[in-house]
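Asker: Make a model of this:
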Amino acid sequence: MPKRGKKKDDGVLPEEKEEVAEPEPKKAKKGGAKVEKEADGPIMYQDPPDKLSSSGGKKYTLKVTSWNVDGIRAWIKKKGLEWVREEDPDVLCLQETKCAEKQLPADIRDMAEYPHKYWACSDDKEGYSGVALLSKVKPIDVTYGIGEEEHDKEGRVISAEFPSYFLVTAYVPNAGRGLVRLEYRQRWDVAFRSYLQGLAARKPLILCGDLNVAHQEIDLKNPKGNKKNAGFTPEERAGFGELLKAGFSDTFRHLYPDTPYAYTFWTYMMNARAKNVGWRLDYFLVSNGLLEGLCDSKIRSKGLGSDHCPITLYLAM
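Answerer: Residues are numbered from 1 along each chain as shown. Predicted structure coming up:
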């Protein structure tokens with residue numbers, strides 16, 4: 001979700017996003033029911049122990065981590081790579097890198113653990129958007145964008161083909177302050193869904209990244225106050241719903257349908273992360289045919305270095 005134009009450590013202004021003031025709980029009327037309070041402080045999400053096997057008993061064979069790093073240079077300075085080395089995924093997908101390939105710090109450019117590295121950045125705006133895919137195993141093929149000029153100028157999608165699946169990492173456009181890009185976002189949703197369906201018709205597909213939408217009310221702390229704000233408009237939520245109808249599943253909600261307070265983004269304002277006033281904007285979606293091999297979908301809420309936290313997927317392929 002949205003950040004204001006405050007300079008970050010990597011020296012570039014963050015992408016414009018809608019900053020939302022989260023409403024305070026209403027006071028109870030005199031003589032009425034008391035409003036439930038978080039008496040012992042904010043309710044924080046507790047990441048349960050990792051499940052390393054599917055419900056059918058198959059052990060995972062693929063581990064993927066996705067993280068919106070909100071500027072890769074600043075993220076590295078905040079020890080993001082140390083966290084990655086400890087997590088040790090087979091594939092690492094990053095969003096909002098905000099860095100041209102030629103400007104990448106040597107720490108990640110020369111990272112020996114991931115010999116196969118792929119980068120996409122904005123054609124027109126330096127320090128804007130950008131995604132990356134780093135893999136221990138070389139993909140069969142790698143493509144950039146979704147094949148439509150209108151949507152391929154901002155470095156938002158990388159797709160990697162492996163022997164038995166496609167992996168797509170994406171940084172979906174934000175509808176913007178005042179919803180100025182909502183119409184564009186709706187066009188993107190249609191085009192992106194069509195692109196994913198085309199890949200999924202060839203092989204099962206895994207989609208990960210910052211999809212810039214909280215799908216249901218359970219997916220953000222204050223749904224009532226945000227229904228007209230970027231990331232929770234009816235149009236964006238409906239677009240996500242259409243993606244699910246097209247044959248994909250939200251892995252976290254498949255495993256944890258009723259788990260509250262599970263967020264992946266917190267604005268830097270108002271001490272939101274410490275209060276767990278957040279949004280779930282980062283996802284792993286998979287083709288429905290991969291669900292039998294789904295072991296776990298993790299929200300690593302203690303992972304620091306960005307205004308988003310990392311997420312990790314375990315799959316038995």
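Asker: For the stretch 151-300 of the chain, which segments are assigned as helices?
Answerer: Here the stretch 151-300 of the chain has its helices, by DSSP state H, counting those that start in this stretch, at 182-200, 234-245, 251-255, 272-275.
Asker: In a markdown table: the ones you listed, plus mean pLDDT and distance to Val137.
Answerer: For every residue, glycine as well, the C-beta is placed using N, CA and C. Below are the helices of the stretch 151-300 of the chain laid out as a markdown table (pLDDT from 0 to 100; distance: least, C-beta to C-beta, whole Å):
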| stretch | mean pLDDT | distance to Val137 |
| --- | --- | --- |
| helix 182-200 | 98 | 19 |
| helix 234-245 | 98 | 27 |
| helix 251-255 | 98 | 21 |
| helix 272-275 | 98 | 34 |
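Asker: Let me know which of those helices is tucked in deepest.
Answerer: Stretch with highest mean neighbour count among those: helix 251-255 (a mean of 20; mean count of other C-beta atoms under 10 Å).
Asker: just how off-centre is that helix within its chain?
Answerer: Relative to its parent chain, helix 251-255 has a centroid offset of 14 Å by C-alpha atoms, centre = their mean, to the nearest Å.
Asker: ok, back up a step: out of the helices of the stretch 151-300 of the chain, nearest to Tyr60?
Answerer: Across the helices of the stretch 151-300 of the chain, Tyr60 has its closest neighbour in helix 251-255 (12.5 Å, C-beta to C-beta).
Asker: what sits up against that closest one?
Answerer: Helix 251-255 has contacts (C-beta atoms under 8 Å, 6 or more residues apart in numbering) with 215-216, 262, 280, 283-286, 291, 294, 296-297, 299, 311, 313.
Asker: which one of those residues sits closest to Glu148?
Answerer: Leu285 (20.1 Å).
Asker: doesn't Leu243 make contact with that closest one?
Answerer: Yes - contact criterion C-beta atoms under 8 Å: Leu285 and Leu243 qualify, at 7.0 Å.
Asker: nearest to Asp152, of the helices of the stretch 151-300 of the chain?
Answerer: Nearest of those (C-beta to C-beta): helix 182-200, 9.9 Å.
Asker: what helices or strands is the closest one leaning on?
Answerer: Where contact means 3 or more C-beta pairs under 8 Å, 6 or more residues apart in numbering; DSSP states H and E, helix 182-200 is packed against strand 157-162, strand 165-171, strand 205-210, helix 234-245.
Asker: just checking, what packs against the third one?
Answerer: In this structure, strand 205-210 makes packing contacts with strand 62-68, strand 91-95, strand 165-171, helix 182-200, strand 282-287, strand 311-315, judged by 3+ C-beta pairs under 8 Å, 6+ apart.
Asker: Kindly point out the strands partnered with the third one and how each is oriented relative to it.
Answerer: Here the strand partners of strand 165-171, with direction, are listed using DSSP bridges: strand 157-162 (antiparallel), strand 205-210 (parallel).
Asker: most packed of those?
Answerer: It is strand 205-210: most buried of the strands paired with strand 165-171 by mean count of other C-beta under 10 Å, with a mean of 26.
Asker: If you compare the directions of it and helix 234-245, what angle comes out?
Answerer: Relative orientation of strand 205-210 versus helix 234-245 (axes from the mean of the first three to the mean of the last three C-alpha atoms, to 10 degrees): 150 degrees.
Asker: Give me the contacts around strand 205-210.
Answerer: 64, 66, 68, 93, 95-96, 131, 165-172, 196, 199, 248, 265, 281-287, 290, 308, 311, 313, 315.
Asker: ok so, going back, what's the closest of the helices and strands packed on strand 205-210 to Leu304?
Answerer: That would be strand 62-68 among the helices and strands packed on strand 205-210, by C-beta to C-beta, at 11.0 Å.
Asker: Give me the angle between the closest one and strand 311-315.
Answerer: Using the same axes, to 10 degrees: strand 62-68 against strand 311-315 is 160 degrees.
Asker: mind listing what strand 62-68 pairs with, with the direction of each?
Answerer: Note on strand 62-68: by DSSP bridges, its sheet partners are strand 91-95 (parallel), strand 311-315 (antiparallel).
Asker: so which of the ones you listed is the most packed in?
Answerer: strand 91-95 (a mean of 28).
Asker: Dump that strand to PDB, restricted to CA.
Answerer: The C-alpha coordinates for strand 91-95 follow below in PDB (Å, rounded to 0.1, in the frame of the first residue of the first chain):
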ATOM      1  CA  VAL A  91      13.700 -19.400  -5.700                       C
ATOM      2  CA  LEU A  92      13.600 -15.800  -4.500                       C
ATOM      3  CA  CYS A  93      11.200 -13.300  -6.000                       C
ATOM      4  CA  LEU A  94      11.500  -9.600  -5.200                       C
ATOM      5  CA  GLN A  95       9.200  -6.700  -6.100                       C
END
